[in-house]
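[1] need a structure here:
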Amino acid sequence: MKQELMEKYAALAIGTGVNVQEGQVVQIHASVDQYPFVRLLVKEAYARGAKRVDVEWADQPVTRMAYENETLEVLSEVPQWRREKLQLMTEELPCRLYVLSEDPDGLAGIDQQKMMKARQANARVAKPYRDAIDNKHQWSIVAMPSPEWARKVFPDLSEEEAFEKLGDAILQSVRVTEENDPAQAWAAHNATFAAVCEKLNAYRFTAMRYRSANGTNLEVGLMPESRWQGGGEYTLNGVYYNPNMPTEEVFTSPWAGKAEGTVVSTMPLSYNSQLIDGFSITFENGRAVSCQAEQGQALLEEMLAMDEGASMIGELALIPFDSPIANTGILFYETLFDENASCHIALGSGYENTMDGYETRSHEEAQAKGLNDSIIHVDFMIGAADLSIIGITEDGREIPVFIEGNWAPEFAQE
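    Below you'll find the predicted structure:
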């Protein structure tokens, strides 16, 4: 990746992604091999007036050794210093930027029961702290290529060619080129989201109905407070930021307990460094009551049993089959990208800021109105070339939202 493009990308991540404000603390989470890019991020954060920049390094082989050598009891412990770091986060409300680059197969072969239970224990401790900062701070996720990830995506290329091709695909997905101004490109991109969301929200749909010849036949209820959004978001004190780079989705959180029927996945799900593929899930009274997978059946069942909310839907996301990321023809084996190539559904927690009036509502009040709550949020792809989605209004009208996998004419953007 050219130095000039890396610098543009770093400026985009700091300025448009987390949108660092004067005097803010910045947290950057990255793998140790990404230090050249992280240095650019740190430089850019200070240039925008960051008070302090903390870098939290990770190394997947070290993480693997921990899972292989530590007991479940030790892996599940959350030492006091980690709790204090979480508490400090709720006080400082830092901008948090995550740089993804890990090998999709880097934890393959690890005892899944052990890993899931350890992560479950840690997530339960962290959840109250993370709930406390929801909608109060800026955060974003970006990605950089690594040799291992590139080999997974392009197994038929040399390591150097694969690395360059993955880097090019990442930059293309986030609108970073030698010729353009990425910040302006993202402003235009966000404007298209706003136009679509305005049209969707005007209907105040009470349910969405999904149909495909592959067996998808699902109806999901929406809360009266549900609203569609996409692209950038605002913190409660009015700072605009972009949580996911790239993003092509318009999304909302449905009504927990209001889903009936079966949905079929159309792309593999990379979860805990293992694949779940060829799967379907059947819902009754909003909860998954059965699932079948050609690969990863046990892992899918464990995921659905993580807690009370893990078997219910927390997000509906709309992405046309004819989308920029889908049109690359690349399976990234990374949800940040693959979810933006296809309509998807998320199991687990919903988003409070997709509800009208969320600014003055507590977590408990949001859940009482129907927002799902869980320690997980796992997206899986359901888009297909023939997928139809119908929005149902309060007076029973059926409005085509997707026809043959893409936006119906009313919602399509030039």
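[2] where along the stretch 151-300 of the chain do the strands fall?
    In the stretch 151-300 of the chain, the strands defined using DSSP state E, counting those that start in this stretch lie at 207-211, 217-221, 229-230, 233-234, 240-241, 250-252, 259-264, 269-271, 274-284, 287-295.
[3] Can you lay out the ones you listed as TSV showing distance to A162, mean pLDDT and mean neighbour count?
    Glycine gets a C-beta too; all of them are placed from N, C-alpha and C. Formatted as TSV, the strands of the stretch 151-300 of the chain follow (distance: least, C-beta to C-beta, whole Å; pLDDT from 0 to 100; neighbours: other C-beta atoms under 10 Å):
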stretch	distance to A162	mean pLDDT	mean neighbour count
strand 207-211	35	98	20
strand 217-221	37	98	19
strand 229-230	31	96	22
strand 233-234	34	95	16
strand 240-241	32	97	16
strand 250-252	31	97	24
strand 259-264	31	98	20
strand 269-271	17	86	22
strand 274-284	19	94	19
strand 287-295	24	96	15
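[4] Turn those strands into TSV, columns for distance to D103.
    Below are the strands of the stretch 151-300 of the chain laid out as TSV (distance: least, C-beta to C-beta, whole Å):
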stretch	distance to D103
strand 207-211	33
strand 217-221	33
strand 229-230	30
strand 233-234	30
strand 240-241	28
strand 250-252	28
strand 259-264	28
strand 269-271	11
strand 274-284	12
strand 287-295	19
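[5] Have a look at this structure and report the helix or strand with the lowest mean pLDDT.
    strand 269-271 (a mean of 86; mean pLDDT, DSSP states H and E).
[6] which neighbours does that strand have in its sheet, and in what orientation?
    According to DSSP bridges, strand 269-271 forms sheet pairs with strand 274-284 (antiparallel).
[7] Residues contacting the partner strand, please?
    107-108, 112, 215, 218, 259-265, 268-269, 288-297, 299-300, 303-304, 313, 380 (C-beta atoms under 8 Å, 6 or more residues apart in numbering).
[8] What angle do strand 217-221 and that strand make with each other?
    Our comparison of strand 274-284 with strand 217-221, counting by axes from the mean of the first three to the mean of the last three C-alpha atoms, to 10 degrees, yields an angle of 70 degrees.
[9] how far out from the middle of the chain is strand 274-284?
    Put simply, strand 274-284 sits 18 Å off its chain's centre (C-alpha atoms, centre = their mean, to the nearest Å).
[10] Over to stretch 323-335?
    14 Å.
[11] Report the mean confidence score over it.
    Per-residue pLDDT values over stretch 323-335 give a mean of 91.
[12] quick one: contacts of it?
    Stretch 323-335 has contacts (C-beta under 8 Å, 6+ apart) with 100, 104, 143, 149, 152-153, 169, 172-173, 246, 248, 267-270, 319-320, 337-338, 340-342, 379, 383.
[13] Need the buried ones from the residues you listed selected in PyMOL.
    Entered in PyMOL, the line below selects the buried ones among those, by 16 or more other C-beta atoms under 10 Å:
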select buried, resi 100+104+143+149+152+153+169+173+246+248+267+268+269+270+319+320+337+338+340+341+342+379+383
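[14] Could you pull up the residues touching the residue positioned nearest the centre of the chain?
    When C-alpha atoms, centre = their mean is applied to the chain, the residue found nearest the centroid is L336 (5.5 Å). For L336, the contacting residues are 100, 141, 143, 244, 246, by C-beta under 8 Å, 6+ apart.
[15] swap in M116?
    For M116, the contacting residues are 272, 302-303, 306, by C-beta under 8 Å, 6+ apart.
[16] tell me which element it falls in.
    helix 112-133 (DSSP states H and E).
[17] Could I get the buried residue list for that helix?
    112, 114-122, 126-127, 133.
[18] What angle do strand 274-284 and that helix make with each other?
    Angle, helix 112-133 to strand 274-284, by the same axes, to 10 degrees: 70 degrees.
[19] so how far is helix 112-133 from its chain's centroid?
    Counting by C-alpha atoms, centre = their mean, helix 112-133 comes out at 17 Å from the chain centroid.
[20] Who are the packing partners of the helix or strand that it is followed by?
    Downstream of helix 112-133, the next assigned helix or strand under DSSP H and E is strand 139-143. The contact analysis (3 or more C-beta pairs under 8 Å, 6 or more residues apart in numbering; DSSP states H and E) places strand 139-143 against strand 95-100, helix 335-338.
[21] Mind doing that once more with 6 Å?
    strand 95-100 (3 or more C-beta pairs under 6 Å, 6 or more residues apart in numbering; DSSP states H and E).
[22] can you give me the helices in the protein?
    Secondary structure of the chain (DSSP state H): helices at 3-12, 35-47, 60-69, 72-76, 80-92, 112-133, 147-153, 159-173, 182-203, 297-304, 335-338, 363-368.
[23] which residue packs closest to H137, ignoring adjacent ones?
    Spatial nearest neighbour of H137, chain neighbours left out: L93 (4.2 Å); criterion: C-beta to C-beta, 6 or more residues apart in numbering.
[24] Might one say that that neighbour is in contact with W139?
    No - assessed by C-beta atoms under 6 Å, L93 is found out of contact with W139, at 10.2 Å.
[25] between the two, who's got more neighbours?
    Applying other C-beta atoms under 10 Å to L93 and W139 shows that W139 carries more neighbours, namely 19 against 16.
[26] contacting residues around the more buried one?
    Shown in contact with W139 (C-beta atoms under 6 Å, 6 or more residues apart in numbering): R96.
[27] 7 Å instead?
    W139 makes contact with 18, 95-96, 243 under the criterion C-beta atoms under 7 Å, 6 or more residues apart in numbering.
[28] Just flag the most distant two among the residues you listed.
    Pairwise distances across those (C-beta to C-beta) peak at 11.5 Å, for the pair C95 and P243.
[29] Neighbour count: these two, which is higher?
    Using other C-beta under 10 Å, the more surrounded residue of C95 and P243 is C95, with 27 against 15.
[30] Next up, the contacts around the more buried one.
    Taking C-beta under 7 Å, 6+ apart, one finds 18, 20, 24, 26-27, 137-139 in contact with C95.
[31] Let me see the confidence value for it.
    For C95, pLDDT reads 97.
[32] any idea what sits nearest it, other than its immediate chain neighbours?
    In space, and not counting its chain neighbours, C95 is closest to V18: 4.0 Å by C-beta to C-beta, 6+ apart.
[33] Done for today, thanks.
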